[in-house]
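Visitor: Next input, structure requested:
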Amino acid sequence: MPSTGKRPDRPRHFSMLRDFSLADVITLANGFAGTASILAVLKYLEVQDARFLWLAFAALPFAALADYLDGRVARWRRKNSQLGADLDSLADLVSFGVAPAVLGFAVGMRGGIDAAVFVYFVGCGISRLARYNATAAALSDDSGKVAYFEGTPIPTSLGLVLVLAILTWQGRIAGALPGGTVELFGFVLHPLTLMYLVSGSAMISKTLRIPKI
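Guide: Numbering: from 1, shown residues only. Prediction:
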């Protein structure tokens with residue numbers, strides 16, 4: 001057959017990144033900040049230098065700011081997409097699910113029951129985000145904005161982070177955590193860990209309806 005003279009389309013280098021909107025880039029900044037927080041915690045555990053722990057705390061407000069901005073930029077530019085929604089959920093899981101749990105472990109909640117509570121908390125975050133993605137279309141208005149959340153949104157875990165930051169500033173971490181320890185069936189629980197249990201349970205509640213600002 002004669003040649004048409006057209007070259008077959010080839011995938012562009014970094015074609016996926018080229019397709020990201022401004023809102024998607026802001027969402028990535030959220031995930032980057034959450035990852036930086038986790039790495040800072042790991043460095044703190046290695047060298048026991050409190051500066052890294054404070055860096056871990058400081059990264060999460062930046063994640064929250066990016067999480068606040070990405071949806072507004074998407075609606076402003078009318079670039080709402082399923083890709084953006086999935087990116088947002090994945091970034092939120094890192095910054096407001098895994099990072100707060102790792103911080104709890106770092107400041108001294110390292111018992112066996114503590115670990116189980118952290119796993120439950122992150123699992124609730126995963127479930128909360130999956131439910132949001134599945135129901136967002138039905139709950140949103142013509143602009144794409146969701147009127148309310150079913151259960152508390154995962155960024156509310158920043159309240160836990162604030163508590164840990166205050167305790168760190170007061171020097172009440174590690175062996176000085178409020179409430180001390182309790183042993184149950186041979187496993188250690190720090191009662192302070194129960195705030196993660198409450199937070200996770202509130203995320204997956206279907207009776208709590210939180211207006212979205």
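
Visitor: could you give the mean pLDDT of whatever helix or strand residue 105 lives in?
Guide: In the assignment (DSSP states H and E), residue 105 maps to helix 99-106. Helix 99-106 carries an average pLDDT of 98.

Visitor: List the contacts of it.
Guide: 34, 37-38, 41-42, 44-45, 53, 56-57, 59-60, 63, 114-115, 118, 121-122, 157-158, 160-161, 164, 193, 196 (C-beta atoms under 8 Å, 6 or more residues apart in numbering). C-beta here means a position set from N, CA and C on the backbone, and glycine is covered the same way.

Visitor: filter those to the buried ones?
Guide: 34, 37-38, 41, 44, 53, 56-57, 59-60, 63, 114-115, 118, 121-122, 157-158, 160-161, 164, 193, 196 (16 or more other C-beta atoms under 10 Å).

Visitor: ok, residue 73 touching residue 24?
Guide: No - between residue 73 and residue 24 no contact is recorded; they are 9.4 Å apart, counting by C-beta atoms under 8 Å.

Visitor: pretty sure residue 74 is in a helix, no?
Guide: Yes - the assignment for residue 74 (DSSP: H, G, I helix; E, B strand; the rest coil) places it in a helix.

Visitor: And what about residue 23, helix, strand or coil?
Guide: Classified using three-state DSSP, residue 23 is helix.

Visitor: mind checking how far it is from residue 190?
Guide: Here the criterion is C-beta to C-beta, to the nearest Å. By it, residue 23 lies 39 Å from residue 190.

Visitor: ok, now residue 200?
Guide: Separation of residue 200 from residue 190 (C-beta to C-beta): 16 Å.

Visitor: Which one of those two is surrounded by more residues?
Guide: Higher neighbour count among residue 200 and residue 190: residue 200, with 26 against 21, using other C-beta atoms under 10 Å.

Visitor: okay, the closest residue to that one other than its chain neighbours: pLDDT?
Guide: Nearest residue to residue 200, sequence neighbours excluded (C-beta to C-beta, 6 or more residues apart in numbering): residue 124, at 3.4 Å. With respect to pLDDT, residue 124 scores 98.
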